[in-house]
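1. Sequence and predicted structure, then a few things I'm wondering about:
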Amino acid sequence: MRTRAKEVPVSSAVIPQDYHVHTRFSFDGRLPLDAVCEAALARGILEVCTTDHADFVPGDAGCGYFQPAAFFAELEQCRARYDGRLTLRAGVEIGEAHRYPAEVARLTAGFPFDFVIGSLHYVGDDFVMTPRYFAERSAREAYTAYFTELLALARAGDFDVLGHLDVPKRYGVAVHGPFDERDYEEEIRAVLRACIERGIGIEINTGTTRRAGVPSPGPEALRWYREMGGEILTIGSDAHRAEHIGYELAQAVALARAAGFTHLTRFEARQPRFIPLP
Ligand SMILES: [Zn+2]
Ligand SMILES: [Zn+2]
């Protein structure tokens, strides 16, 4: 299945969307919004959604960094400048939404977001986006703890799409070797089931491709999601730099098609609408 998915030819150069992009409003980003728009236009991306980090874990580098009012002011300028050429959506990537419901509600009720990604970067107090998380644990222990916490997020968080489903593998492969989603099928299916039951989607995140050679999730989990009735799917590069915008998204389209999808999903005012795969 894995190899077959890779062999599916990419039928079109058009990239319908990049729904995971970080700008200078993320603690770890530097891009002004017009640079995001220029890069998207240059790569033939029809719709771009910025998703800066909003984090609430005390002591996290991103905690308190995102300034939504300043972000929306810059966004409105760009929407006017690129009107008719590019669709620019206002998103946000919220970390640990299940642990900070009041903060999440304040943010999402206070500003007109089109799209909210719910991501997990912590298991308890432990940051998972680092090789250290894996150096201190066996692979089984590290991934199981992550998927257990991810299930809690999927069951309780207020968001539209679950971010980078198996993101710890970005750092785990260097410590424990390749990640095989089939080794965690039960845990991953439980997360996917919770998403489907709540009307939450998932994304194909190619930021993981840049670091681990395979996106989050990989082809197996994507196929499980589709077979289980999952329909809401977005694709995103998780770019923090201009050169990464749109990265491997043609391959993400091919993976979606190979998994049985006929559509991707776009969001406006947090309402999903299906768009046919190119
Ligand atoms: Zn993330
Ligand atoms: Zn991100």
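-> That came through fine. Ligands and ions are numbered 1, 2, ... in the order given.
2. Where does pLDDT dip in the chain?
-> Low-confidence segments of the chain (pLDDT under 70): 1-13.
3. Point out the residues in it that sit beside ligand 2.
-> Within the chain, the positions near ligand 2 by CB under 5 Å from the ion are Glu93, Asp238. Quick note: C-beta positions are derived from backbone N, CA and C, even for glycine.
4. With adjacent residues omitted, what lies nearest to the residue nearest the centre of the chain?
-> Nearest residue to the geometric centre of the chain (CA atoms, centre = their mean): Gly163, 3.6 Å. In space, Gly163 comes closest to Ser119 once its chain neighbours are excluded; the distance is 3.4 Å by CB to CB, 6 or more residues apart in numbering.
5. give me phi/psi at that neighbour?
-> Ser119 has phi and psi values of phi -120, psi 160 when expressed as degrees, to the nearest 10.
6. Specify the beta-bridge partners of it.
-> For Ser119, the beta-bridge partners under DSSP bridges are Gly95.
7. hang on, isn't it packed against Gly91?
-> No: contact criterion CB atoms under 8 Å: Ser119 and Gly91 do not qualify, at 11.7 Å.
8. out of the two, which sits in the more crowded spot?
-> More neighbours surround Ser119 than the other of Ser119 and Gly91, with 29 against 24 (other CB atoms under 10 Å).
9. got the residue ranges for the helices in the stretch 101-250 of the chain?
-> Ranges of helices within the stretch 101-250 of the chain are 101-110, 131-135, 139-156, 169-176, 185-198, 207-212, 219-227, 249-258, based on DSSP state H, counting those that start in this stretch.
10. and of those helices, who's closest to Leu86?
-> Within the helices of the stretch 101-250 of the chain, the stretch nearest Leu86 is helix 249-258; the backing value is 15.1 Å (CB to CB).
11. other SSEs contacting the following helix or strand past the closest one?
-> As assigned by DSSP states H and E, the chain's next helix or strand after helix 249-258 is strand 263-268. Strand 263-268 sits against strand 87-95, strand 233-236, strand 271-276, with contacts defined as 3 or more CB pairs under 8 Å, 6 or more residues apart in numbering; DSSP states H and E.
12. Turn those into JSON lines, columns for distance to Gln67.
-> Formatted as JSON lines, the helices and strands packed on strand 263-268 follow (distance: least, CB to CB, whole Å):
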{"stretch": "strand 87-95", "distance to Gln67": "12"}
{"stretch": "strand 233-236", "distance to Gln67": "22"}
{"stretch": "strand 271-276", "distance to Gln67": "25"}
